[in-house]
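Q: I'll drop the sequence and a predicted model, then ask my questions.
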Amino acid sequence: MAEKGGKVAQLHIGDLCIELPILSGNEGPDVIDVSNLAAQGYFTYDPGFVSTAACDSNVTYIDGDKGILLHRGYPIEQLAEHSDYLELCYLLLNGDLPTADEKTRFVNTIKHHTMVHEQLSQFFKGFRRDAHPMAIMCGVTGALSAFYHDSLDIDNWDHRRITAHRLIAKMPTLAAMSYKYSQGEPFIYPRNDLDYAENFLHMMFATPCENYEVNPIIAKAMDRIFLLHADHEQNASTSTVRLAGSTGANPFACIAAGIAALWGPAHGGANEAVLNMLAEIGDEKNIGKYLKKAKDKNDPFRIMGFGHRVYKNYDPRAKVMQQTCREVLDELGVRDDPILQLAQKLEKIALEDEYFIEKKLYPNVDFYSGIILKAIGIPTEMFTVIFATGRTPGWITHWNEMISGPYKIGRPRQLYKGPSRRDYVPIEDR
Ligand code: SDX
């Protein structure tokens, strides 16, 4: 990261002039380094980190105004068309696309980490059958750290590497187990003759009673859904993983923290919320009423799957997801699915609404993903589990990027508005 030709920003407060370095990245806006501001007796104030870069990173770049998303420089549209999920995992982890031999070895490595310790299956029994699968995923992912004491030295590159492979390989297994547990069905072991997405669908829908034939179109769509969720720079859950990691916590605990943050409906929980919203709207004739609610500042209702902190243009992932949605529904012969029809009508009306135009609100990655997952037969409460599975390589890549270089524990400050010092009052005098 270079200082912009040694340029500085000058902050004048009364007679005080504070010089703050201006730093430039390879893409995107310059940043003003305020790290020495505390020494001058001031903090910056930025609730929600709207204008704050918490770190520098080489992984993913988003241009929200132009609707651009690059993973290690490669556009998401090209990766969605030409690559696959495990190749993107390799790219995120290693910084470059693999050669054919590197890809074969990586895929083989992941295949041989897909099983979880047999004792881990006992953890599921502690949950009610109707537990939300995200609650289970938070628990069992964190519990993985209890099984790998041999590789928890975060300063050891080999330990960090095998942990990344274990997490990428085991998340689909744990996700499918959380689904099977909710169905009261036996867990299905992973199979090494299937590719990543085929294996996930197999573990989700196969039973010991009969074979499950994976539909290749559905498997490709599943792989693309994982790919589109793989990373998204410093979003809330990735920032949570980084903050947890900055304390030196083990990577399994950090990923469990990321899963917890992703669960919220403002973040990864939005895909589940989109389907619930569409069910609530019910019919095209109600769209106007709900758009009115979404624009009413006194009404907490929002059009889920719309809007984004960074994208003030169409989320490029949403475009690919919409195309994938049409392919899946065509394949399943449900192109005129009423939920998809309603979603497309809602999107059209919202994009022509002056409020949405003025606020630059466009569909995001979550708007169409749930419709695909529902069509595949995945229940709504599993949608965010799918998101968490897809996002795992991004989380572990950002964790590794931070841990493998110099870092400080994350410790934000505050603007204190509470009571000044006062003396304790005995209860008899209150
Ligand atoms: C993800 O960060 C990432 O990269 C996240 C993610 C990833 O891959 O990790 O992309 C995944 O989380 C996508 C977002 C999924 N969430 C939803 O779809 C939930 C619905 N969207 C909103 O809750 C909202 O748009 C957020 C949370 C996504 C973004 O919130 P911001 O950036 O804090 O924006 P805001 O809430 O300040 O909204 C700006 C204005 C507000 O109006 P004013 O206060 O300026 O008058 O737009 C309005 C909001 O009221 N607004 C909406 C709206 N989203 C924002 N109004 C109606 N419907 C919406 N969906």
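A: Looks like it came in fine.
Q: doesn't Ala273 make contact with Pro265?
A: Yes. Pro265 is in contact with Ala273 according to Cβ atoms under 8 Å; the separation is 4.4 Å. (Glycine included, C-beta is placed from N, CA and C.)
Q: neighbour count for the two, which is higher?
A: Ala273 (20 against 17; other Cβ atoms under 10 Å).
Q: setting the sequence-adjacent residues aside, check what's closest to whichever residue of the stretch 251-400 of the chain sits closest to the ligand.
A: Closest residue of the stretch 251-400 of the chain to the ligand, Cβ to the nearest ligand atom: Gly307 (2.3 Å). Residue nearest to Gly307 in three dimensions, not counting chain neighbours: Leu361, with 4.5 Å by Cβ to Cβ, 6 or more residues apart in numbering.
Q: Val107 too?
A: Residue nearest to Val107 in three dimensions, not counting chain neighbours: Leu86, with 5.4 Å by Cβ to Cβ, 6+ apart.
Q: average pLDDT across the strand or helix carrying the one you found?
A: Using DSSP states H and E, Leu86 sits within helix 85-94. Per-residue pLDDT over helix 85-94 has a mean of 98.
Q: and Asn286, how close does it get to Leu342?
A: In this view, Asn286 and Leu342 are 9 Å apart by Cβ to Cβ, to the nearest Å.
Q: next structured bit after the helix holding Leu86?
A: Next element after helix 85-94 (DSSP H and E): helix 100-111.
Q: tell me what that following helix is packed against?
A: Here helix 100-111 touches helix 85-94, helix 157-183, going by 3 or more Cβ pairs under 8 Å, 6 or more residues apart in numbering; DSSP states H and E.
Q: one step back: check contacts around the residue of the stretch 251-400 of the chain closest to the ligand.
A: Gly307 makes contact with Lys359, Leu361, Tyr362, Asn364, according to Cβ atoms under 8 Å, 6 or more residues apart in numbering.
Q: follow-up on the earlier one: pLDDT at the residue nearest to Gly307, what is it?
A: pLDDT recorded at Leu361 is 95.
Q: thinking again about what came up before, give the residues shared as contacts by Pro265 and Ala273.
A: By Cβ under 8 Å, 6+ apart, Pro265 and Ala273 have these common neighbours: Met304.
Q: rewinding a little: now find how far off-centre the helix holding Leu86 is within its chain.
A: With Cα atoms, centre = their mean, to the nearest Å as the basis, helix 85-94 stands 16 Å off its chain's centre.
Q: report whether that helix contacts the ligand.
A: No. Using Cβ under 6 Å from any ligand atom, helix 85-94 stays clear of the ligand, coming no nearer than 13.5 Å.
Q: next SSE after the worst-scoring helix or strand of the chain on mean pLDDT?
A: Counting by mean pLDDT, DSSP states H and E, the chain has its least confident helix or strand at strand 2-13, which shows a mean of 79. Next helix or strand after strand 2-13 toward the C-terminus (DSSP H and E): strand 16-24.
Q: now that next one: buried residues?
A: Ile18, Leu20, Pro21, Leu23 (16 or more other Cβ atoms under 10 Å).
Q: from those residues, which are also near the ligand?
A: Okay, of those, nothing touches the ligand (Cβ under 6 Å from any ligand atom).
Q: with respect to Ala131, which of the residues you listed is nearest?
A: If you rank the buried residues of strand 16-24 by distance to Ala131 using Cβ to Cβ, Leu23 comes first, at 45.7 Å.
Q: quick check: beta-bridge partners of that closest one?
A: Following DSSP bridges, Leu23 is listed with bridge partners Glu3, Val31.
Q: and the residue of the stretch 1-150 of the chain closest to the ligand?
A: Closest residue of the stretch 1-150 of the chain to the ligand, Cβ to the nearest ligand atom: Gly48 (6.0 Å).
Q: what pLDDT does that residue get?
A: Gly48 is given a pLDDT of 95.
Q: cool, and Lys220?
A: Lys220 carries a pLDDT score of 96 in this model.
Q: which non-adjacent residue is nearest it?
A: The spatially closest residue to Lys220, leaving aside those adjacent along the chain, is Ala197, at 7.3 Å (Cβ to Cβ, 6+ apart).
Q: next, count neighbours for the residue nearest to Gly307.
A: Neighbour tally, Leu361, other Cβ under 10 Å: 20.
Q: ok, it - contacts?
A: Counting by Cβ under 8 Å, 6+ apart, the residues that Leu361 touches are Ile303, Phe306, Gly307, Ala350, Tyr355.
Q: go again using 10 Å as the cut-off
A: If a contact means Cβ atoms under 10 Å, 6 or more residues apart in numbering, then Leu361 has Ala294, Arg302, Ile303, Phe306, Gly307, His308, Tyr311, Lys312, Ala350, Leu351, Asp353, Tyr355 as its contacts.
Q: could you dump those to TSV with distance to Pro412 and pLDDT?
A: Output for the contacts of Leu361, formatted as TSV (distance: Cβ to Cβ, whole Å; pLDDT from 0 to 100):
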residue	distance to Pro412	pLDDT
Ala294	31	96
Arg302	26	94
Ile303	31	95
Phe306	29	94
Gly307	25	94
His308	23	94
Tyr311	25	93
Lys312	26	91
Ala350	35	94
Leu351	36	92
Asp353	36	95
Tyr355	33	95
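Q: among these, which lie within helices?
A: Among the contacts of Leu361, the members falling in helices (DSSP state H) are Ala294, Ala350, Leu351, Tyr355.
Q: tell me the one of those residues nearest Cys138?
A: Set against Cys138, the nearest of those by Cβ to Cβ is Ala294 (29.9 Å).
Q: burial of the closest one, as a residue count?
A: Neighbour tally, Ala294, other Cβ under 10 Å: 21.
Q: please apply the same query to Phe383.
A: Neighbours of Phe383 (other Cβ under 10 Å): 27.
Q: swap in Lys125?
A: By other Cβ under 10 Å, the residues close to Lys125 number 7.
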